[in-house]
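In: Build me a structure from this.
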Amino acid sequence: MRVCNLASGSSGNCTYIESEKTRILVDNGKPLSYIFDALNELKIAPETISAILITHEHSDHIKGIEKFARAYNTKVYAHIEISEIVKNQIHIPSELFYFYDTDFYIEDLHIEPFPLPHDSKFCVGYKISENDAVVSICTDLGHFSDETFEAVKSSALIYLEANYDPEMLMSYPNYPPFLKRRINGPKGHLSNLNCAKAIERLVHSGTRLVVLSHISEHSNTVNLAISTIANYLESKNIIPNVNIRLDIAHHEHRGTIFRINPTIK
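Out: This next block holds a predicted model:
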């Protein structure tokens, strides 16, 4: 399995996942030209994308889907709970929509959606498997619950939200109080420290690679996210780059290309 985040943050989100037989995107909140160029860097023709999976209906996750799906006749998958919202926001032929309420397959990829606590109509993460090679997308969540842990534990690679630093959030002058409460709430976003606590649990489940994602441009920095998380993990005797590798999903350019190989039996 080959995996690469193409963009992550409030300006747009998109992750590329490729198996032996299929290619998919998780979300698409970027302009068509941006995604075209990002896929071109990976030497991927956009018309070979089999499907786009939607996590939830917020614009930074779906605003690029309509033009992409229309241009390349791409199927769009979303949870049945947001079917009406999605159909009102993404105007594509009905035969391109697939609405699910349980796990499903796209060729050789097993797709297992799981609910996330976020202030949208309905938000999911995805556990995506090619045989026993497992990648999870877990962003846009206000807290990391036991149910979320059970859904993603033991994944080889997890894209996990590290959205904000509480002090930066509360001191940012352009956010009104209600927005700060929303971000900091149990259905908002995950702070650096809460991300670190989630990683602590995940390391003990066998995860060895976490990509810090959806890092805020206004209430966080890459360096602050890494230092906060690394310091917490070290206090728990979990050493970055020894016990766990931390990587970054970027706002405006693609991230690291990862290859997740199934176990040879």
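In: switch to C-alpha atoms for all contacts and neighbour counts from now on
Out: Will do.
In: Helices of the stretch 101-250 of the chain, start to end?
Out: 146-152, 166-171, 177-184, 192-205, 222-235 (DSSP state H, counting those that start in this stretch).
In: Could you say which of these is packed most deeply?
Out: Stretch with highest mean neighbour count among these: helix 192-205 (a mean of 20; mean count of other C-alpha atoms under 10 Å).
In: Pull the distance from it to the chain's centre.
Out: 16 Å (C-alpha atoms, centre = their mean, to the nearest Å).
In: between that helix and helix 222-235, how big is the angle?
Out: 50 degrees (axes from the mean of the first three to the mean of the last three C-alpha atoms, to 10 degrees).
In: Can you tell me what sits against helix 192-205?
Out: 143-144, 149, 153-154, 160-165, 210, 225, 228-230, 232-233, 236, 238, 243-244 (C-alpha atoms under 8 Å, 6 or more residues apart in numbering).
In: circling back: could you dump the helices of the stretch 101-250 of the chain into TSV with distance to residue 74 and mean pLDDT added?
Out: As requested, the helices of the stretch 101-250 of the chain are exported to TSV (distance: least, C-alpha to C-alpha, whole Å; pLDDT from 0 to 100):
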stretch	distance to residue 74	mean pLDDT
helix 146-152	27	98
helix 166-171	38	98
helix 177-184	33	96
helix 192-205	33	97
helix 222-235	33	98
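In: Which one of these lies nearest to residue 20?
Out: Residue 20 sits nearest to helix 146-152 of all those, at 22.2 Å, using C-alpha to C-alpha.
In: From residue 138, how far out is residue 162?
Out: 10 Å (C-alpha to C-alpha, to the nearest Å).
In: out of these two, which sits in the busier spot?
Out: Legend: neighbour count by other C-alpha atoms under 10 Å for residue 162 and residue 138, higher for residue 162 (30 against 24).
In: Roughly how far does the more buried one sit from residue 82?
Out: 25 Å.
In: next one: residue 55
Out: On the measure of C-alpha to C-alpha, residue 55 and residue 82 end up 10 Å apart.
In: and the two? which has more neighbours close in?
Out: Ranked by neighbour count (other C-alpha under 10 Å), residue 55 and residue 82 place residue 55 first, with 28 against 18.
In: thinking the more buried one is in contact with residue 25, fair?
Out: No - the criterion here is C-alpha atoms under 8 Å, and residue 55 misses it with residue 25 at 10.9 Å.
In: Excluding sequence neighbours, find me the nearest residue to residue 121.
Out: residue 82 (6.6 Å; C-alpha to C-alpha, 6 or more residues apart in numbering).
In: Name the residue closest to the centre of the chain, please.
Out: residue 137 (4.0 Å; C-alpha atoms, centre = their mean).
In: could you give the mean pLDDT of stretch 120-139?
Out: Mean pLDDT, stretch 120-139: 97.
In: Let me see the contact set for residue 26.
Out: With C-alpha under 8 Å, 6+ apart, residue 26 has these contacts: 14, 15, 16, 17, 52, 53, 54, 55.
In: if I look at residue 42, how far off is residue 258?
Out: From residue 42 to residue 258 the distance is 12 Å (C-alpha to C-alpha).
In: And residue 181, by the same measure?
Out: 35 Å.
In: Same check on residue 92?
Out: Computed as C-alpha to C-alpha, the residue 92 to residue 258 distance reads 32 Å.
In: who has more neighbours, those two?
Out: residue 92 (20 against 14).
In: Can you check the pLDDT for the more buried one?
Out: pLDDT at residue 92 comes out at 98.
In: Name the SS class of it, please.
Out: coil (DSSP: H, G, I helix; E, B strand; the rest coil).
In: from memory residue 260 sits against residue 131, does it?
Out: No - with contact defined as C-alpha under 8 Å, residue 260 does not count as touching residue 131 (10.8 Å).
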